[in-house]
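give me coordinates for this.
(2 chains)
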Amino acid sequence: MIDVVYFAWVRERIGLPREQVETNATTVAELIDELSAREERYALAFSDRGAIRAAVDQTLVDLDAPLKGAREVAFFPPMTGG
Amino acid sequence: MGVRVQEGDFDLAAELADFGRGAGGIVTFTGIVRNNDAGNLQCMEIEHYPAMTQRAIEDIANEARSRWDLCDLLIIHRYGRLAPGARIMAVATASAHRADAFAAAEFLMDYLKSRAPFWKKEVTSDSAEWVAARDADEKALKRW
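Below is the predicted model of the structure:
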């Protein structure tokens, strides 16, 4: 089980801020595939992969990053700080 | 060196009272919520990733310290609902020489914009829209 957290419009489209997910995914991209196959709201949130950023255990990663040992994966749009 | 992520306002003058002792110069930047072109902004809602924000900013700060000769550095970034005119964030850098202080401050601003986990939502009298990241912000990172 891993914790999956969502922020900004990814959170709004999926409709929840956090959930626990049972997954066989070995990469972040595979996790997106699994989630997208679940329900339309996930497919909608992840429809533009180029607009999705991810962090594994609070570190920014590319979508092809491995999930081995990960406890928390976050999905969010490009950041707009400053 | 200090990195603070907070909901409340800050007083930059007070923050700088003991900042950068012995430096040759201090550069500061304060980001402020500006109204939109239509002039109907009610507030900017700033969401962040609490488990990640502090460390992400500290990593950016450490990168700046490794690149430039800084004797002090301060970053404050707010979250929550901020009205037009409110302070959002501030960066201060202190160095023996101004070139390092200016360059480090610009570097920090560029990285905070695109690599610190904050998201802004613009709430107006008739809509609420997430602010989109700009290509120019991503390009700004490439100069470093």
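
what helices or strands is the lowest-mean-pLDDT helix or strand in chain B leaning on?
When the helices and strands of chain B are compared on mean pLDDT, DSSP states H and E, helix B:135-141 comes out lowest with a mean of 90. In terms of contacts (3 or more C-beta pairs under 8 Å, 6 or more residues apart in numbering or on different chains; DSSP states H and E), helix B:135-141 is packed against helix B:98-115. C-beta: built from backbone N, CA, C; applies to glycine.

what's in contact with the helix it packs on?
Contacts to helix B:98-115, defined as C-beta atoms under 8 Å, 6 or more residues apart in numbering or on different chains, come from residues A:60, A:78-82, B:23-29, B:56-57, B:60-61, B:63-64, B:67-70, B:73, B:75, B:77, B:89, B:91-95, B:133, B:137-138, B:140-141, B:143-144.

where do the strands of chain A begin and end?
For chain A, applying DSSP state E gives strands covering A:2-6, A:18-21, A:53-56, A:59-61, A:72-76.

now the ones you listed in JSON lines, with mean pLDDT, distance to chain B and mean neighbour count?
Shown next, in JSON lines, are the strands of chain A (pLDDT from 0 to 100; distance: least, C-beta to the nearest C-beta, whole Å; neighbours: other C-beta atoms under 10 Å in any protein chain shown):
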{"stretch": "strand A:2-6", "mean pLDDT": "98", "distance to chain B": "7", "mean neighbour count": "19"}
{"stretch": "strand A:18-21", "mean pLDDT": "98", "distance to chain B": "11", "mean neighbour count": "12"}
{"stretch": "strand A:53-56", "mean pLDDT": "98", "distance to chain B": "6", "mean neighbour count": "21"}
{"stretch": "strand A:59-61", "mean pLDDT": "96", "distance to chain B": "7", "mean neighbour count": "16"}
{"stretch": "strand A:72-76", "mean pLDDT": "98", "distance to chain B": "6", "mean neighbour count": "22"}
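
now distance to B:D110 too, for the ones you listed, in CSV please.
CSV is the format used below for those (distance: least, C-beta to C-beta, whole Å):
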stretch, distance to B:D110
strand A:2-6, 26
strand A:18-21, 30
strand A:53-56, 17
strand A:59-61, 15
strand A:72-76, 19
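
show me what from chain A comes close to chain B.
A:5, A:7-9, A:55, A:58-60, A:72, A:74, A:76-82 (C-beta under 8 Å from any C-beta of the partner chain).

now B:P117: how far from chain A?
6 Å (C-beta to the nearest C-beta, to the nearest Å).

tell me who's in contact with that residue.
Neighbours of B:P117 in contact, by C-beta under 8 Å, 6+ apart: A:F7, A:A55, A:A74, A:F76, A:M79, A:G81, B:H48, B:Y49, B:M52, B:T53, B:A56.

can you rerun that using 10 Å?
A:7-8, A:53, A:55, A:58, A:60, A:74, A:76, A:79-81, B:5, B:47-53, B:55-57 (C-beta atoms under 10 Å, 6 or more residues apart in numbering or on different chains).

before we move on, back to that, check which residues of the least confident helix or strand of chain B are buried.
For helix B:135-141, the neighbour count (16 or more other C-beta atoms under 10 Å in any protein chain shown) marks B:D137, B:A140 as buried.

that'll do, ta.
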